[in-house]
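okay, predicted coordinates and the sequence, questions at the end:
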Amino acid sequence: MLKKTCHLACALGVACLSLALPAQASWTLIPSESHMGVTITELTASGETAHQHQLSGLSGRVADDGTLRLPLRLNQLDTLERFETLQPWLAGLADTTLATLTTTVDTQRLAALPVGSTLVDTLVFHAKGQQAPIKLRFIRLDEATIRVTQAEPLTLDSQEVRADSVGRSVLALLGYGEIKRDIPVTFEAFLQREE
């Protein structure tokens with residue numbers, strides 16, 4: 001009898017605990033509010049000129065295993081809007097994926113983050129066989145929305161960008177010659193919880 005009572009108590013405890021925990025949900029980036037900015041400083045005979053560029057419409061979904069894939073496409077670059085019409089060869093490349101960033105997100109920690117609270121976590125992003133740890137700040141705005149920004153300054157090395165064939169092509173498309181080595185990057189995204 002004692003054994004049956006113990007099993008019943010355990011079963012009730014597990015049932016109560018499962019009711020208290022948030023339901024498993026998926027998280028999706030809100031493209032209209034998610035973007036990445038870069039500042040490229042051009043070096044010319046007359047001095048330095050900083051140029052701002054933005055990748056908008058970032059999209060991605062956190063899979064059940066916590067994997068987030070964030071494809072970056074040429075047509076997300078605001079500079080393309082300046083061209084009235086694209087050359088035929090470039091129009092075909094506009095939807096080309098420049099890189100896909102992947103990382104793993106701890107979905108249980110996100111689900112447990114109370115509204116109004118902040119979590120700072122370092123995620124390791126992978127792209128093109130390289131990896132980089134990036135410290136991000138997660139702010140729970142309401143039950144269904146989390147704002148994500150970088151928690152510390154983030155820069156790209158222009159020499160590494162030029163060493164990559166796609167990066168070199170994008171810099172050439174934008175008309176850059178010599179540029180400053182550090183390329184500051186800003187990141188802001190909004191995750192929406194979907195039951």
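Right, received. Where do you want to start?

distance between the strand or helix carrying Leu119 and the chain's centre?
Take DSSP states H and E as the rule and Leu119 turns out to sit in strand 118-127. Using Cα atoms, centre = their mean, to the nearest Å, the mean C-alpha position of strand 118-127 is found 9 Å from that of the whole chain.

direction included, what does the next helix-or-strand element following it pair against?
Downstream of strand 118-127, the first helix or strand assigned by DSSP H and E is strand 130-142. Paired with strand 130-142 in the same sheet, following DSSP bridges, are strand 118-127 (antiparallel), strand 145-150 (antiparallel).

just name the most buried of those strands.
Among these, strand 145-150 has the highest mean neighbour count (mean count of other Cβ atoms under 10 Å), at a mean of 17. Bear in mind the C-beta positions are built from the backbone N, C-alpha and C, glycine included.

using PDB, write out every CA atom in that strand.
Extracted in PDB, the C-alpha atoms of strand 145-150 (Å, rounded to 0.1, in the frame of the first residue of the first chain):
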ATOM      1  CA  THR A 145       8.300  38.700 -27.400                       C
ATOM      2  CA  ILE A 146      12.000  38.900 -26.600                       C
ATOM      3  CA  ARG A 147      14.300  41.600 -27.900                       C
ATOM      4  CA  VAL A 148      17.900  40.500 -28.700                       C
ATOM      5  CA  THR A 149      20.900  42.900 -29.100                       C
ATOM      6  CA  GLN A 150      24.600  42.500 -28.800                       C
END
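
below-threshold pLDDT in this structure: ranges please.
For the chain, applying pLDDT under 70 flags the ranges 1-25, 80-94.

please, where are all the helices along it?
Here the chain has its helices, by DSSP state H, at 2-20, 88-91, 107-112, 158-163, 165-173.

ok, residues contacting the last one?
Residues outside helix 165-173 that contact it (Cβ atoms under 8 Å, 6 or more residues apart in numbering) are Ile40, Leu74, Leu77, Thr79, Leu90, Leu98, Ala99, Glu160, Val161, Arg162, Ile179.

now list the buried members of these.
The neighbour-count criterion (16 or more other Cβ atoms under 10 Å) marks Ile40, Leu74, Leu77, Thr79, Leu98, Val161, Ile179 among these as buried.

where's the third one relative to Val170, distance?
Which is Leu77. Look at Leu77 and Val170: by Cβ to Cβ, to the nearest Å, they are 8 Å apart.

burial measure for the nearest residue to Thr49 once chain neighbours are set aside, as a count.
Once flanking residues are discounted, Thr49 sits nearest to Glu42: 4.8 Å by Cβ to Cβ, 6 or more residues apart in numbering. A count of neighbours around Glu42, defined by other Cβ atoms under 10 Å, yields 16.
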